[in-house]
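**Q** sequence and predicted structure below; questions after.
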Amino acid sequence: MNEQFGWTGKILRVNLTEGTFSTVDTMKYVPKYIGGMGVAHRIWWEEMKSGIKAFDPENKLIFTVGVTGGTAAPSSGRGEFVSISPYSYPEQYTNSSIGGAFPTQLKWLGYDGIILEGKAPEPTYLLITSEGPELRSAQDLWGMGLVDAQEILHKRHGEGSTSYGIGPAGENLVRFAIIGCGIHSATGQGGMGAVMGSKNLKAITLTKGKHQVKVADPEALLKVTEDIFPKKINHPWIKENLADKEHNPFWWSWVGPNEKPNFSINWMGLVYNKPYAYLSHSCGLGCLHGCGFYELRDVPATTHPGLLHAMTGCNHTRYEQFFHAEEGDKFAKGFEIHELAEQLGFGHFEIVYGIVPWLYYTKAVGIDTESLVGMPTDVRSVEWWVKLLNMIAYRQGFGDQLAEGLRRTTEKLGADVYAHTIYEGPEAARGAAWQGGKMKLPVAVLGGWGYTARSLGTEMPFPMNLPSMLNWMIDTRDPHHNKWPDWAHQDFQNFVMKAMTKQEDPYTAEFPLKWAKLSTVRGTIIDCLPECFMFPLRNYMGWQFDEQVGEGTWTTAVESRIFSSVTGQKMTEDELFKAGERVNTLFRAIQIRDYNRTAQMEFEEIIPRTYGTYDAEKFKVTTGNFYEYLGWDRETGWPTREHLESLDLKDVADELETLGKLPKTASVPA
Amino acid sequence: MKVKDVTIDSRSVPKAKGYIGMVDPEISACQDCKVCELYCAMIHEGACGAELNRIWEISETFTGDYYVRTCKQCISPSCMAACPVGAIQVDEVTGARFIVEDLCTGCKLCIKACPFDPAPINFNSVKKKAIMCDLCKDRPEGPICVQMCPTMCLELKKY
């Protein structure tokens, strides 16, 4: 095995309680678990057990970078945090990815990852230099904004240093707090920032390393990169509005010449940033085509003196959209609260898709949440937003409850009223400009396992959301970008058309099972390599492909070529897909062992999140079919011994059997 | 980069065909992806690392300034004059100033002699060799950084 290619060969283990360091041999786990998240899952399986809560010192926070990280592999500058998520409902083991320069630099410091254990006795930051790791006091940084603290660390440790860190939300154990990298990237979901806060760890800072990450076949890696290289377009600072599709090249990168799928309207529509110019910024190193995160400088704050430098983009533009119809400097209003949320260290989705719409919808239908919050709800007021965000970050008043997240809040208040009551009217942010102001939504727009639905579950009608609901069902968080099923693909549209014309029953059709499995395993592979989520969606991003490369939706051939060229170990598409299935099944085994995950539990979680649009009995059949399609038992949802052994997971099967968590009989197809 | 107070050697060498620089930011700007650094290192060294790139994409993350730094292929290269073993030579075709790895002794006198601070010359501490931009003189396609830059913000600037 060419162990010197790609992997550095060791993972740093940090015991924060004792202040000690050691290393773990990466090569014990690869290539069997690919790298990155796959390695993290295996370490978790070996070292953890059930009964540990998110904020217990016994919880671990593991960060991993995959085999392509630190090389020139396209879009490889990302890494993965795993931990027991305080945001997932109930708390469960989950993952969240992040970019910036950090993953690449960690590899260049000679580590494939970091295992954080225990709890530091006082506010601390971890510094890793070419001389090795050390723990330093962060007493002077505790309480500071996420970005501000990292700027201080950057000045302290010099050019080329980079950090991951938390803001006050993480320090105060807000369950949807992020770990962020300057202004440019974050673990948006999972509440990893709160886990970091519970360990008294303010930041991790890296300086330049001396390790060299070797590539087995540079010419092959260059060739595969050229094969998929997106069509190049100039990226100047653009002085027009994001909403101005005629002058926004990224609009067309997303939608293609036929404007399908028209996701652009969702997140670039109604964003009127003029006179402030925007610049497309990559989220991680090796990025071949910015996907829609924009940096803006010198935007004036509206409630205090000062100029703001921050990002907007992706679905976070909802902050700015809340003000799209206001008078005056409307962009600056949204941008100010966006920047504040970033400094406080919030996961944006819970704020702009969860809590704030919930306050708006409850008010609209006459459910009193204003007296709980202690102020009239006014989502068009910057001052209201500032008060609300601070209440949550510092757990003041009802903010202490909202810091638990919307799912826990509505469960406590009474889900029947506070979550399931139906609201009809304009969408909270976009108002009458969206669907003619005629939305019909539950007042708390929640998806599975405590995560906000965004548009995945509720704005997309049955049967379009069937594959993503299946993905969501077997996950412990929302199905993130990497796992998105391709809704705009012709094959998918054919499936929807057949359902609508009653040529096929979507509940018993094979297509949604295939689509959901493919997107789940492919997303897993992406998190293991790592690569970016644009790989499967390259059909819409201006990326190049031909018959050999494939459009991305049906193939992971590019991923296997990248793996082989970096490592020098020939990995066919089928072999890599099987490895991805292995990693995903191991993740399943962790859920079953540590959280007693069952088919019944998943059904009871997902069906209420379909808000009456699904036939429960028929969906039950679909779920059984899906488990079986994955090689799992259709009644329990547990992987069969036969399937586990086919993935070379016999030891996992043995342990599950000991715990009485292997299906007792062979699965019988419906 | 600021200019150090050094005496420039005046001996005459052929001009390089240019140097790697950035295009007018009104046309295209850097997206801070460091693809230039990564491919530079991989194509030259077969590996990536902080000591292996010959072009630097400087990220002033907290002000939002992103720009590149690399060898300016000086008309009168003080690095060349300072090298005691003649390891820095001029390519006949491109005029690129380049370091002959086998000759380099790792003395770092080229880095000290460079008029720019910091010098756009990297030092591979594993091999104990200085490395600097050679305009990818052996690649028929030209400089890899220009070829791979996703935003087309790099170009070979002519003298």
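**A** The structure has been received and is ready for your questions.
**Q** so A:Glu581 versus A:Leu206, what's the distance?
**A** 33 Å (C-beta to C-beta, to the nearest Å). In short, each C-beta sits where N, CA and C put it, glycine included.
**Q** same drill for the two, tell me which one is more crowded.
**A** The residue with more neighbours, out of A:Glu581 and A:Leu206, is A:Leu206; 26 against 20, by other C-beta atoms under 10 Å in any protein chain shown.
**Q** so that one touches A:Gly158, yeah?
**A** No - counting by C-beta atoms under 8 Å, no contact exists between A:Leu206 and A:Gly158, whose distance comes to 11.4 Å.
**Q** residue 110: what's it in contact with?
**A** No chain specified, so I'll use chain A. A:Thr8, A:Lys10, A:Gly209, A:Lys210, A:His211 (C-beta atoms under 8 Å, 6 or more residues apart in numbering or on different chains).
**Q** correction: the question concerned chain B.
**A** Contacts were defined as C-beta under 8 Å, 6+ apart; by that measure B:Cys110 touches B:Cys79, B:Met80, B:Ala82, B:Cys83, B:Ile88, B:Ile99, B:Ala119, B:Ile121, B:Ala130, B:Met132.
**Q** next: A:Asn494.
**A** By C-beta under 8 Å, 6+ apart, the contact list for A:Asn494 is empty.
**Q** doesn't it lie inside a strand?
**A** No - with the criterion set as DSSP: H, G, I helix; E, B strand; the rest coil, the secondary structure at A:Asn494 is helix rather than a strand.
**Q** tell me the spacing between A:Gln105 and A:Glu655.
**A** Shown here: A:Gln105 relative to A:Glu655, a distance of 36 Å by C-beta to C-beta.
**Q** of the two, who's got more company?
**A** When neighbours are counted by other C-beta under 10 Å, A:Gln105 comes out ahead of the other of A:Gln105 and A:Glu655, with 26 against 15.
**Q** and that one, what element?
**A** With elements taken from DSSP states H and E, the one containing A:Gln105 is helix A:102-108.
**Q** wait, does that helix contact chain B?
**A** Yes - counting by C-beta under 8 Å from any C-beta of the partner chain, contacts between helix A:102-108 and chain B involve A:Thr104, A:Gln105, A:Trp108.
**Q** state the number of residues packed around the closest residue in space to A:Ala310 that isn't next to it in sequence.
**A** Using C-beta to C-beta, 6 or more residues apart in numbering or on different chains and skipping residues adjacent in sequence, the residue nearest A:Ala310 is A:Glu339, 4.0 Å away. Using other C-beta under 10 Å, A:Glu339 has 23 other residues around it.
**Q** which strands or helices does the host helix or strand of A:Glu339 pack on?
**A** Counting by DSSP H and E, the element that carries A:Glu339 is helix A:330-344. Helices and strands in packing contact with helix A:330-344 are listed as helix A:146-157, strand A:293-300, strand A:307-313, helix A:318-321, helix A:382-393; criterion 3 or more C-beta pairs under 8 Å, 6 or more residues apart in numbering or on different chains; DSSP states H and E.
**Q** what's the most buried one of those?
**A** Here the criterion is mean neighbour count by mean count of other C-beta atoms under 10 Å in any protein chain shown, and of the helices and strands packed on helix A:330-344 the winner is helix A:318-321, at a mean of 27.
**Q** that helix - contacts with which helices or strands?
**A** By 3+ C-beta pairs under 8 Å, 6+ apart, helix A:318-321 packs against helix A:330-344.
**Q** which other helices and strands contact the next helix-or-strand element following the helix it packs on?
**A** For helix A:330-344, the succeeding helix or strand toward the C-terminus, using DSSP H and E, is helix A:348-349. Secondary structure elements in contact with helix A:348-349, counted by 3+ C-beta pairs under 8 Å, 6+ apart, are absent; no helix or strand qualifies.
**Q** that older thread, quick check: mean pLDDT across the helix holding A:Glu339?
**A** Summarised as a single mean, pLDDT over helix A:330-344 is 97.
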